[in-house]
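> With the input below, show me the fold.
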Amino acid sequence: VNCGERVEPAATMLGFEQEAWLERSLAASKARWNLLAQQTLFAQLDLSMGDIQPFWTDAWDGYPAARKRLLASLQENRVSNPVIMGGDTHMFWVSETPLDPDNPHAPVIATDICGTSITSRTLVPSWSLGALLSENPHIKYANTQYRGYTRFTVTPKSLIADLRGMETVETRDARCATIASFIVEDGRPGPRKL
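Next up, the predicted model:
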């Protein structure tokens, strides 16, 4: 919910010194792909099934002004192909990150790919995913079923993210398979399912 502390412009996930360093570094980047590894889900996740918007404030949803500053900086500095990578949600998420996630016409600035845990279970029931995705159209994929990891293949023309799921985490010789793959094409922000 939009309490005063959550929407406070001075609230920062990284701290202002690190925010400024990141903005300078990305503005100066000449790389074709700019991969930002960080600790959690970056995309907004509206947990409601209606008009009131509750948020998980341990992620970037607790710092929406900081998230918007970072996205605005990526846009203003024309940072090439930003892809934000995270974890700590115990499930897979693949999202577009628009400048304003509540505006369906806002430009998509980056891609957010959040990996699952290696062994820890999720707290989100799989039956709720359809409703969550309908509340969050910028989120293109969510999966609570598998433990595993994400494998990235980066070429000059594209970044491919293979979401790798373990058959089980209870045996050492369990099989692992790609459960979904997404592509981000050079110059086109946002993921597309393969």
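> Can you read off the pLDDT for the most centrally placed residue in the chain?
Centroid-nearest residue in the chain: Asp112, 2.9 Å away (criterion: CA atoms, centre = their mean). Note on Asp112: pLDDT of 98.
> Which secondary structure elements does the helix or strand containing it sit against?
Secondary structure assignment for Asp112, by DSSP states H and E: strand 108-114. Contacts defined by 3 or more CB pairs under 8 Å, 6 or more residues apart in numbering; DSSP states H and E place strand 108-114 against helix 64-76, strand 82-86, strand 92-98, strand 188-193. For the C-beta atoms, the positions are set from N, CA and C on the backbone; glycine is no exception.
> After that strand, which helix or strand is next?
Downstream of strand 108-114 (by DSSP H and E), the next one is helix 129-135.
> What's the mean pLDDT across the next helix-or-strand element following that following helix?
Heading C-terminal from helix 129-135, the first helix or strand you meet, by DSSP H and E, is strand 139-143. Averaged over strand 139-143, pLDDT sits at 96.
> Over to stretch 120-136?
Mean predicted confidence for stretch 120-136 is 84.
> residues of that stretch that come out buried?
The neighbour-count check on stretch 120-136 (16 or more other CB atoms under 10 Å) flags 122, 124, 129, 132, 136 as buried.
> Between the residues you listed, which sits nearest Arg32?
Checking the buried residues of stretch 120-136 against Arg32 by CB to CB gives Asn136 as the nearest, at 28.9 Å.
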